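Undergrad: I would like the atomic coordinates for the input below:
(chains A and B)
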Amino acid sequence: MRTLMIVFGLLLTSLAYGQEKKPQIVIQTSAECGQCKDRVEEKLNYTSGIIFAELDVPTKQLTVKYKANKITADEIRKILSDLGYDADGVKADPEAVAKLPLCCQPGGMDGHEH
Amino acid sequence: MKKYFFVLLLVLAFGQTSFGQVTGVIYGESDGSKEALVGAQAYFLGAQSGAVTDVEGKFSLAIPKQIPDTLVFQFTGFEADTMIITSKESVEIEVTLYSNIFLKEIVAEGRQKPSGILRMETLQIEQLNEGELRKAACCNISESFETNASVDVNFTDAVSGARRIQMMGLDGVYTQVQLENVPVFRGLSNTFGLTSIPGTWVESIQITKGTGSVMNGYESMAGLINVELKKSETAETFYFNAYGNRFGRAEVNFHGGHYVGKSHKWSTGWFVHGSGLFAENDNNKDGFRDIPLSQTASVMNRWSYSGEKMEMKFMITGSYDQKYGGQLGYSPGSNDLSRYGVDILNRNLEAYLKTGFFLKKRRFGSIGLIYNAKLFEMNTRFGNESYDGLEKRFYFNAIYSDIIGNTNNTINAGLSFVYVDMDEKFNQVPITREEIVPGAFAEYTYTGQRITTVLGVRGDYHNLFGFQTSPRVHLKWRLSEHTDLRVTGGRGWRVPNYVADNVYMMATNRIWVNNANLQPEISWNMGGSVVQGFKLFGKTAGITVDYYHTRFVDQLIMDLEDPYTVQFYNMQGTSYSNTLQAEFNYEPFNGFDFKVIYKLTDVKANFGGEFQQKMMVPVHRGMVNFAYITRNKKWEFDLTGTLMGMMRLNPVPDAYAADFPERSDVFGTINAQITYVYKKWDFYLGGENLTNYIQKNAIVGADDPFGNYFDATRVYAPIAGANVYIGVRYKIKRKDKHK
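TA: Below is the predicted model of the structure:
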C-alpha cells in the first residue's frame, strides 16, 4: 500500500511543479532520422535546465521546455549547433556535422540512391 | 544522371497522347518511421514504361494505351507493391512500401505504443513490444502477460511454482506457443518451457486469437503466441540486467550482438541468463514453501547471414532448471522421508536453422526452409509420486511464397514434417509414443483496398491417427480509416498426453483414473473483433471488442468432481468456450495511457455427469492499467489492477468442507513499477500483489501430506503475499543499424 502511495505521490509531483518561469519553444532543426532524434533528445534531456526535449522527425521540429533562469533559448540552439544540427538561424558546426551518423548527414536520407 | 533520365521520361510521356497521368508520392516505412523514398521506381509491367522518384519522393507517369496494366513500385530494401490501373483518367496516389524483412521475422518493431492490435494484419494479432515487457520487469516469458488480458497466467499448484497460460478460458495446451515461428513449447515443455526464456531476451510477442495461419502447424485451437527474441543484427552491443526481490530471488541476464567482418553480412549474438531463489518463504503459514527454491541457467548463441540472394539464421539454446519445493526444511537427497518434497529438474537443448532464398527468375518468389531439433528431459517427484519424461523432436517446414499476377494476390504453400519420440515413466509405469506427421499446406491471400482475405488449408497424416485437415479463413474489412472488422474461423487439432499435459496434478494424492481412448482432440473456433479508433476531447482513444466461440468435436476431459480421484475420459456431450473481451483505451495527455478491460469467459462441458462451468475459470474478470512516461523520458510509471470473479474449485472430502468452500472469493491484485532512466542506465523498483492478498487454505490436508486427501492444486490466488523488487539495466545501443 505504501509503495502505491509513493507511486501516486511521484506522479503528482512530476505533474504539479510548474510554478516558476518555464517557457516552451519550437526550434526548426536539420535532424532528419531516428538516430538523430535519439542523439538530440538524449543530449538535451540530460542538460541541466531542460525539462524536456522532443523531436518530431517528419517536420524536424524540436519542442523544448526549459527553466528560463538556468538556460536560454540561444544556449539551446548553440548546443544543437555543436551537435551538428542547424537550429533556426544558427548553422550547424561543420566539424560536428562530419562526425554525425550517416543518416543525419545533410542529405543523408538521399544516400539510398545507388 | 537519374534525374535527367526522369525528366526525359516525363517529356516523352507528355509528348505522347492525351492519356491521363499517374502522379504520386512513394513513402518507405521502416523502424516505425515513414519517410519519402528518393530514387524509388514506379513502372508499368505491360508497357515497360517507368519513372524514378525525385528528392521529395514524387513521381509522375503517363498511363499507357493498353490498359489495364500493372503498376509496380519498388525500392531496394523494401517490399515491392503493385496496383492495377484500369482507367485512362489521371490519378493521384500515395504508396507506402514496407521494409523488406525476409522470413517474416520481425513484425514492425519500434511502434509508438508498447502494445496494441496490429492494424495491418488480417488476423487479430496483439503485439507486446519491449516497452510493454519492461512494465513487468520480472522475469520470464510466462510473467510477461501480466499486463495483458487476452492471456491469463495462473499458478498450477501451491508447491511447484509452475505457471500455466490460458487463452479463452482453455488450458495452455490448446494455444500453440512458438519461438520465432517454430512451435516448440509443446509436449513436455508445456508446463515449464516458457520459464526457460528470460524476458530480457524477448524483442516482441505476438498474440493471435483463434486459429492461426496454417503455415505454422495444426495445433492452434484457441490461439497462437509467437515469441520473437532479439536478433543478432539488431540486439544491443551489450546489455546487462540484475534483479532481486523480497522473496530471495536473484537474477542476472546479459546479452550482446555484433557484426562479424566488414561486409555486415554475418552477425552473431550471445545470450546468458542465471537466476535462483535462495530463501524459504511461508507467508500463508501452512508449513510449505510458497515458492520452491530454484536454480536456473539458460544460454543461447545465434548467427545470421544476410546476402543478396540468400538469408540464413542459426540458433542453439540450452537450459537447466532445478526446483526444490515442498515442506519447510525439506532438503533433496537427504533420505528425509518425514517431509513432503517436490524435486523438478528440466533440461533442454535445441537448435534451429532457417534459410531463405530469393528466386532469380521470379521477382516476388522466395523459398524458406526451417529445421528444428529439440531434446527435453524432465525428472519430477512430488512426495511419493514420480514422473520422468524424455522428448526428442525434429521439425521441418518448407514454405514457397509468390504472387499470382500482382501483389494483391499472394500464395504461400509448403510441406512440413514432425517427428516426436516421447518416452515417459509415470510412477515406474512406462508410456512410450512415436509420432510421425508429414503435412502439406497452402494459403492464399487477397489484399484489396478495403477487404483482405486469407484462405488456408492444411492436411496432415498422423502415423497413429490417420489424416486430418485444418481449413482456416481470416477476413479483415476496413470499414473506415478508424474502423477494422475481423472475422475468423477454422479447425485445429492436437494429440493429448494425459500425464505430460497435467504434470502439476501430481501435487494431489487423488488417484489417477484413466478411462480415455487415446485419440486426437479436435475443435472448431470462430469469432470476430471490431477495433474502433476515435478522438475523445481531442485525444486518441480506442475501443476493441472481440468474441470467440470454440467448440470441441473431441476432447480429453480431466474431471476433478469426485474428491478422491483425478479422472480422464473422452468428452461426453458438448464442450465449448465462449469469450467476450472489451477494451477501452485513452491517452488523455502526452505520455499517459489508460486502459480498462472486461472479460467474460463461459467454458462449459460435462464434468461429473453435469453440464457446468469449468473449474478455476472465473466467469467475470477485469483489468485496468495506467502508464505514464514523462516527456523527457526519464521516468516511467506503471500500475495494473486486476479483479478476478468467483470460480468453482476442486471439491474436498467432507471432513475439510468447513475450511475449503466450493467457490473462490472475489479478489483483486495491484502491481506497480517505477523506472528511472539515466542515459545508458535504467533503475527500477516495483511491487506485485501490493494489497498483500493471500489465499486462505491453499493446501487440503497440509498436516498430512502423504495421506489420501492431500491436494495442493486448489490455488486460485497469490499464496506468497506482496512482493517488492528492485533491479538495474545497463545497455549500449547499436550504432551501425543504418548503413
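Undergrad: Show me where chain A has its strands.
TA: Secondary structure of chain A (DSSP state E): strands at A:24-28, A:50-56, A:61-66.
Undergrad: any chance of those strands in a markdown table, with distance to residue B:86 too?
TA: Where you see a C-beta, it was placed from the backbone N, CA and C, and this is true even at glycine. A markdown table is the format used below for the strands of chain A (distance: least, C-beta to C-beta, whole Å):
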| stretch | distance to residue B:86 |
| --- | --- |
| strand A:24-28 | 43 |
| strand A:50-56 | 38 |
| strand A:61-66 | 41 |
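Undergrad: right, so of those strands, which gets closest to residue B:57?
TA: Residue B:57 lies closest to strand A:50-56 among the strands of chain A, at 18.3 Å (C-beta to C-beta).
Undergrad: buried residues in that closest one?
TA: A:50, A:51, A:52, A:53, A:54, A:55 (16 or more other C-beta atoms under 10 Å in any protein chain shown).
Undergrad: And the furthest pair within these?
TA: Of all pairs in these, the most separated under C-beta to C-beta is A:51 and A:55 at 15.0 Å.
Undergrad: quick one: the helices in the chain?
TA: No chain in the question, so chain A it is. A:2-16, A:34-45, A:73-83, A:94-98 (DSSP state H).
Undergrad: please go with chain B instead
TA: All helices of chain B, identified by DSSP H, fall at B:2-16, B:130-134, B:189-192.
Undergrad: Check the ones you listed for me: which has the lowest mean pLDDT.
TA: With a mean of 40, helix B:2-16 has the lowest mean pLDDT of the helices of chain B.
Undergrad: Domains in chain B, by residue range?
TA: According to automatic domain parsing, chain B comprises the domains B:19-98, B:115-226, B:227-732.
Undergrad: closest to residue A:105 out of those?
TA: Among the domains of chain B, domain B:19-98 comes nearest to residue A:105, with 14.2 Å by C-beta to C-beta.
Undergrad: per-residue confidence averaged over the closest one?
TA: On average, domain B:19-98 scores 79.
Undergrad: cool, stretch B:373-385 as well?
TA: 93.
Undergrad: Residue B:242: what's it in contact with?
TA: Counting by C-beta atoms under 8 Å, 6 or more residues apart in numbering or on different chains, residue B:242 touches B:250, B:251, B:252, B:253, B:727, B:728.
Undergrad: Most neighbours among those, please name it.
TA: In terms of neighbour count, residue B:251 stands highest of those at 24 neighbours, by other C-beta atoms under 10 Å in any protein chain shown.
Undergrad: gap between residue B:344 and chain A?
TA: To chain A, residue B:344 is 32 Å away according to C-beta to the nearest C-beta, to the nearest Å.
Undergrad: Near that residue, how many other residues are there?
TA: 25.
Undergrad: Repeat that for residue B:264.
TA: Residue B:264: 12 neighbours (other C-beta under 10 Å).
Undergrad: can you check the one 4 residues further on too?
TA: Counted with other C-beta under 10 Å, the burial measure for residue B:268 works out to 17 neighbours.
Undergrad: Identify the bridge partners of it.
TA: Per DSSP bridges, the residues bridged to residue B:268 are residue B:258, residue B:303.
Undergrad: Name all residues that make contact with it.
TA: B:232, B:257, B:258, B:260, B:301, B:302, B:303, B:304.
Undergrad: Now residue B:463. Nearest residue, chain neighbours left out?
TA: Using C-beta to C-beta, 6 or more residues apart in numbering or on different chains and skipping residues adjacent in sequence, the residue nearest residue B:463 is residue B:436, 4.4 Å away.
Undergrad: That neighbour is in contact with residue B:460, isn't it?
TA: No - with contact defined as C-beta atoms under 8 Å, residue B:436 and residue B:460 do not form a contacting pair (10.5 Å).
Undergrad: So between these two, which is more surrounded?
TA: residue B:460 (21 against 14).
Undergrad: For residue B:215, see how far away the more buried one is.
TA: Residue B:460 sits 13 Å away from residue B:215, going by C-beta to C-beta, to the nearest Å.
Undergrad: same check, this time on residue A:89
TA: Separation of residue A:89 from residue B:215 (C-beta to C-beta): 56 Å.
Undergrad: Mind putting the buried residues of strand A:50-56 into TSV with pLDDT and distance to chain B?
TA: TSV is the format used below for the buried residues of strand A:50-56 (pLDDT from 0 to 100; distance: C-beta to the nearest C-beta, whole Å):
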residue	pLDDT	distance to chain B
A:50	93	7
A:51	93	6
A:52	92	4
A:53	93	7
A:54	91	6
A:55	90	11
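Undergrad: of all those, which comes closest to residue B:535?
TA: residue A:54 (20.8 Å).
Undergrad: so the closest one bridges to which residues?
TA: Residue A:54 forms beta bridges with residue A:63, as assigned by DSSP bridges.
Undergrad: burial measure for residue B:666, as a count.
TA: Neighbour tally, residue B:666, other C-beta under 10 Å: 13.
Undergrad: Tell me which residues touch it, please.
TA: Counted by C-beta under 8 Å, 6+ apart, residue B:666 has contacts B:643, B:644, B:645, B:646.
Undergrad: Look up how far residue B:521 lies from the residue most central in space within chain B.
TA: In chain B, the residue lying closest to the centroid (C-alpha atoms, centre = their mean) is residue B:225, at 2.6 Å. Here the criterion is C-beta to C-beta. By it, residue B:225 lies 18 Å from residue B:521.
Undergrad: cool, and residue B:535?
TA: 45 Å.
Undergrad: more neighbours, the two?
TA: Between residue B:535 and residue B:521, counting by other C-beta under 10 Å, residue B:521 is the more crowded of the two (22 against 9).
Undergrad: related to what we said a few turns ago, quick check: PyMOL command selecting the buried ones in the contacts of residue B:268.
TA: Buried members of the contacts of residue B:268, defined by 16+ other C-beta under 10 Å, are picked up in PyMOL with:
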select buried, chain B and resi 232+257+258+301+302+303+304
